[in-house]
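In: curious how this folds, go ahead:
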Amino acid sequence: MLPQGHPLLRRDEPFPLDDLAAEGWVRFRRGSKLDDYLARLLADRGLAPRTVGRASQISTAVRLVAEGAGVTVVPSSAVPDGLEHLTRPLQPALSEPVIAACAAHGPGGDRVAGPAAAAGLGGTGVGVPERQHSNGVPLSVTRQPLAARGR
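Out: Residues are numbered from 1 along each chain as shown. Next up is the predicted model:
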């Protein structure tokens, strides 16, 4: 996510994370999973971010960037309506595995998951159960884009 007026907002094509190397970064609370992910992501590319602020919630980081405090990487689902114009996709796209599971059968053996449950998971962006664990629980693994163009 980029602040209003940032030169990279003029681009429509994805750009590498390296293009943000000299930027001030709005980071997350130290020790949080998202900050650890971001630190690892930048370090893996040999980038040493200049931290200009920290936020304990993604929504706060998004608002700080929207107000011009710096740049950040957040899941596209965290960008509220009306701020999508401040996002651009990264190349390569960033993602993290997400696992969702639902019980195939209830305690009495009644089937509780079926096509309707699969359709429900599909609507969440999590994915449709693709395989089953040995105990009969359908499992689904998918990836949610981070910092991709929103909607």
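In: what about stretch 63-80, how long is it end to end?
Out: One end of stretch 63-80 sits 10 Å from the other (Cα to Cα, to the nearest Å).
In: again, but for stretch 48-61
Out: Terminal residues of stretch 48-61 lie 19 Å apart, using Cα to Cα.
In: equivalent analysis for stretch 62-76, please.
Out: End-to-end distance of stretch 62-76 (Cα to Cα): 11 Å.
In: what average pLDDT does that stretch get?
Out: The predicted model assigns stretch 62-76 a mean pLDDT of 93.
In: next one: stretch 16-25
Out: 93.
In: for stretch 52-69, measure first residue to last.
Out: Per Cα to Cα, stretch 52-69 runs 7 Å from first to last residue.
In: outside of that stretch, which residues touch it?
Out: 1-5, 24-30, 32, 34-35, 70-72, 74-75, 78-80, 83, 86 (Cβ atoms under 8 Å, 6 or more residues apart in numbering). In short, each C-beta sits where N, CA and C put it, glycine included.
In: now it: buried residues?
Out: Buried residues in stretch 52-69, counted by 16 or more other Cβ atoms under 10 Å: 54-55, 58, 61-62, 64-66, 69.
In: could you flag which of the contacts of stretch 52-69 are buried?
Out: Here, 16+ other Cβ under 10 Å leaves 1-3, 24-28, 32, 34-35, 70-72, 74-75, 78-79, 83, 86 buried among these.
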